[in-house]
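**Q** My questions are about this predicted structure, shown below with the sequence.
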Amino acid sequence: MQALDPDRILSFVDTFPGAPRQVCDFLAGEDVRPSELIRAFQSTFSPDGSALGDAPWWDHAVAVAEGAAMVAESTASADQRMAYVAGFLHDVGHLVMVRIAPQAFHQVLARQADGTPFMAVERELCGLDHVRIGEHFARRWGLPEDICSVIREHHEVEGEITPLVASVVLADVWAQVLGYGYDFPTGGISFRVEEAASATGLIWGEQLDLLAQADHRVIARRREMGARPRTFPQNDANPLRALWVSVHGGEPTPLGRLLLEHRGYDVVHVAATERLEAQGASLVLIDSPWAEPDEVGDLVAALVPDGNAHVALLAEVRSGQLSRRRDPVSGICGIPRMFSAFDLRWLQSCPVVVG
């Protein structure tokens, strides 16, 4: 499709109402609860109810707002209220794109499988990216310069990262890992996480603790806002049990274990160097970063001889390789070793492996 006129998009931003009173009061330290703030945003952006494609945006906005505020609060590195508003609005440019150019936005989502950076696709289809749109929106609302900087820099930091930007960067990454938002790729994020963690003084273990707390807090906030509880596949005849099979030694990654446990799985670690016995499980993750699906077929057959399980090989994604793939012969799926909730959803959507 032909690229849209960037001036038309920015002019559309100017048609939105001004900042709700609750936003100014919240930033000024007045007694405005987060749920009131969110409802004020909803009445501004979706006066007639959510538009098609909006729901993931709202989930992501809430998750990043809650996570950024938790980082700011726990580290005392940034203002908690500023972090909440900045986190909520960091991707407001996406919401504008959904409204004015839904076809273009869905093309951006559809082209994630080929590995093209999504902001490059946005510029190609819309003439500008969601960061530029979001910054224009924030300035129209007269928001503090620090919040404008977060919106502008949460993907590409200009100079040294500030604690406020860092709190949103961390929350943005972890919200995506937890599955709140659109299915954008999470590959290549380790540097951003390390840089942001350094700016806030958070070590890895502390990040995991905050991530677990944030997941519970987002669920509670969504429930408070009347959203449906998130459901995960379950079969009473085959309870949620995940086997984490380490081919070359080592334990399940802390992030992987957290994701699985928060989705109702009982995680059982299996060392492939030991004698293997068949074990009932609905999910089998084989941790062998450089293996190929056809190289672990015997291992799968030993663990799930009836084939009644979703099986994935956790591997490092190589250059030119899709992050998710399914071997047509063995039926074994491949997902990144640093997998996200989106990778788990994709895996669960595939037919079960038949041995």
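**A** Received, thanks.

**Q** can we go C-alpha only for contacts and neighbour counts from here?
**A** Will do.

**Q** For the helix or strand encompassing Arg257, which helices and strands make contact with it?
**A** For Arg257, the enclosing helix or strand under DSSP states H and E is helix 254-262. Other elements packing on helix 254-262 under the criterion 3 or more CA pairs under 8 Å, 6 or more residues apart in numbering; DSSP states H and E are helix 204-224, strand 266-271.

**Q** hmm, 10 Å instead?
**A** With contacts defined as 3 or more CA pairs under 10 Å, 6 or more residues apart in numbering; DSSP states H and E, helix 254-262 has these neighbours: helix 163-178, helix 204-224, strand 241-246, strand 266-271, helix 341-349.

**Q** Could you list the residues in contact with that helix?
**A** Contacts of helix 254-262 from elsewhere in the structure, counted by CA atoms under 10 Å, 6 or more residues apart in numbering, are 177-179, 204-205, 207-209, 211-212, 215-216, 240-242, 244, 251-252, 263, 265-269, 283, 337-341, 344.

**Q** rerun that using 7 Å as the cut-off
**A** Applying CA atoms under 7 Å, 6 or more residues apart in numbering, the external contacts of helix 254-262 come out as 178, 267, 341.

**Q** about what we covered before: in CSV, list the helices and strands packed on helix 254-262 along with mean pLDDT, mean neighbour count and distance to Leu125.
**A** CSV is the format used below for those (pLDDT from 0 to 100; neighbours: other CA atoms under 10 Å; distance: least, CA to CA, whole Å):
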stretch, mean pLDDT, mean neighbour count, distance to Leu125
helix 163-178, 93, 27, 23
helix 204-224, 89, 16, 32
strand 241-246, 92, 23, 41
strand 266-271, 91, 18, 43
helix 341-349, 92, 17, 25
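
**Q** Kindly reformat those as TSV and extend each row with distance to Val317.
**A** Putting those into TSV (distance: least, CA to CA, whole Å) gives the following:
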stretch	distance to Val317
helix 163-178	16
helix 204-224	22
strand 241-246	18
strand 266-271	23
helix 341-349	13
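
**Q** For Pro34, which of those is the nearest?
**A** With distances scored as CA to CA, the stretch of the helices and strands packed on helix 254-262 nearest to Pro34 is helix 204-224 (8.7 Å).

**Q** how far out from the middle of the chain is that closest one?
**A** What separates the centre of helix 204-224 from the centre of its chain is 13 Å, taken as CA atoms, centre = their mean, to the nearest Å.

**Q** and what of stretch 344-355?
**A** So, by CA atoms, centre = their mean, the centroid of stretch 344-355 is 21 Å from its chain's centroid.

**Q** Next: stretch 100-109.
**A** On the basis of CA atoms, centre = their mean, stretch 100-109 is displaced by 19 Å from the centre of the chain it belongs to.

**Q** Could you report the neighbour count for the closest residue to Ala212 other than its chain neighbours?
**A** With sequence-adjacent residues excluded and distances taken as CA to CA, 6 or more residues apart in numbering, Ala212 is closest to Leu258, at 7.2 Å. By the measure other CA atoms under 10 Å, the count of residues near Leu258 is 18.
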